[in-house]
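sequence first, predicted model second:
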Amino acid sequence: MEKNYIKFSDISYKILKEIIEIKQVRSREIFNEWFNFKFEINKYDEKFLIRLIKLNEYNIDFYNEYQLFGHFINPVLKLVDFYGENYREWFQQEISAIINGNILKGRPDFMVASGDLEPQNPFFFLQEFKKQKTNSEPLMQLMAQMSVAMEINKSKKIRGAYNIGRLWFFVILEKINDGKYKYHESKAFDCLDYEHLKQIFINLKAVKHKYCKF
């Protein structure tokens with residue numbers, strides 16, 4: 001039987017619900033353990049984040065996807081330093097898996113995964129909203145990527161984030177059983193607010209130190 005190929009970039013809520021059964025959990029308690037990670041921001045990091053806000057606060061709403069990534073997102077990721085003994089950061093590297101008879105594939109904007117020359121087991125994803133695609137659904141595309149990662153890892157839970165301009169949202173996807181998933185979405189974090197940006201940074205540090213493992 002011929003399988004249906006679906007790209008992450010084509011995923012919408014309508015398409016995703018035809019592939020998997022997915023339900024939103026209307027509670028954010030699951031984020032407590034993640035967001036309460038104990039990490040002390042040093043003076044260098046504090047100065048860096050404050051300067052990042054000052055450099056971008058009047059321009060960020062006008063950035064295209066490349067400017068947003070280059071001017072703001074990538075500097076934050078570099079400060080986090082997603083490199084470790086068993087993982088590293090990857091940009092636009094293709095992953096794929098068969099889910100309920102459909103081949104989901106594509107190139108995530110950013111992921112943290114094990115592997116040296118090619119990604120093996122993904123741990124975390126960041127999906128950037130593309131302004132020129134007015135019908136783009138970043139949350140749905142992110143969850144498609146995360147479901148593929150769980151299939152690759154043979155795991156039941158994975159974390160990710162997506163951003164729409166200045167706003168960041170964190171997501172946890174859980175697999176209940178074959179074809180059934182539930183997801184949790186955090187409140188919005190405004191990266192131009194220092195306290196919010198500090199929490200974004202701590203959340204990403206938690207991914208690095210707590211969740212980049214099997």
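Structure received. Residues are numbered from 1 along each chain as shown.

and for residue 97, the neighbour number?
Residues near residue 97, counting by other Cβ atoms under 10 Å, number 15. From N, CA and C alone the C-beta is placed, and that goes for glycine too.

contacting residues for it?
For residue 97, the residues meeting the contact criterion (Cβ atoms under 8 Å, 6 or more residues apart in numbering) are 103, 104, 105, 147, 148, 151, 152.

the fifth one and residue 30: what is the separation?
Counting by Cβ to Cβ, to the nearest Å, the separation of residue 148 from residue 30 is 21 Å.

now the contacts of residue 97 in CSV, with secondary structure and neighbour count?
Shown next, in CSV, are these (DSSP: H, G, I helix; E, B strand; the rest coil; neighbours: other Cβ atoms under 10 Å):
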residue, secondary structure, neighbour count
103, strand, 14
104, strand, 25
105, strand, 17
147, helix, 24
148, helix, 24
151, helix, 16
152, helix, 17
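
make TSV out of these and add distance to residue 82 and pLDDT.
As requested, the contacts of residue 97 are arranged in TSV below (distance: Cβ to Cβ, whole Å; pLDDT from 0 to 100):
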residue	distance to residue 82	pLDDT
103	28	96
104	24	97
105	23	96
147	22	97
148	19	97
151	22	96
152	18	96
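
for the longest strand along the chain, give me every contacting residue.
Counting by DSSP state E, the longest strand found in the chain is strand 167-177. By Cβ under 8 Å, 6+ apart, the list of residues contacting strand 167-177 from outside reads 30-31, 34-35, 139, 142-143, 146-147, 150, 155-163, 181-191, 196, 200, 203.

buried ones among those?
Buried members of those, scored by 16 or more other Cβ atoms under 10 Å, are 31, 34, 139, 142-143, 146-147, 150, 158-163, 181, 183-186, 189, 191, 196, 200, 203.

in helices only, show me these.
Secondary-structure check on the buried ones among the contacts of strand 167-177 using DSSP state H: residues within helices are 31, 34, 139, 142, 143, 146, 147, 150, 196, 200, 203.

closest to residue 13 among those?
Residue 13 has its nearest neighbour among these in residue 139, at 8.4 Å by Cβ to Cβ.
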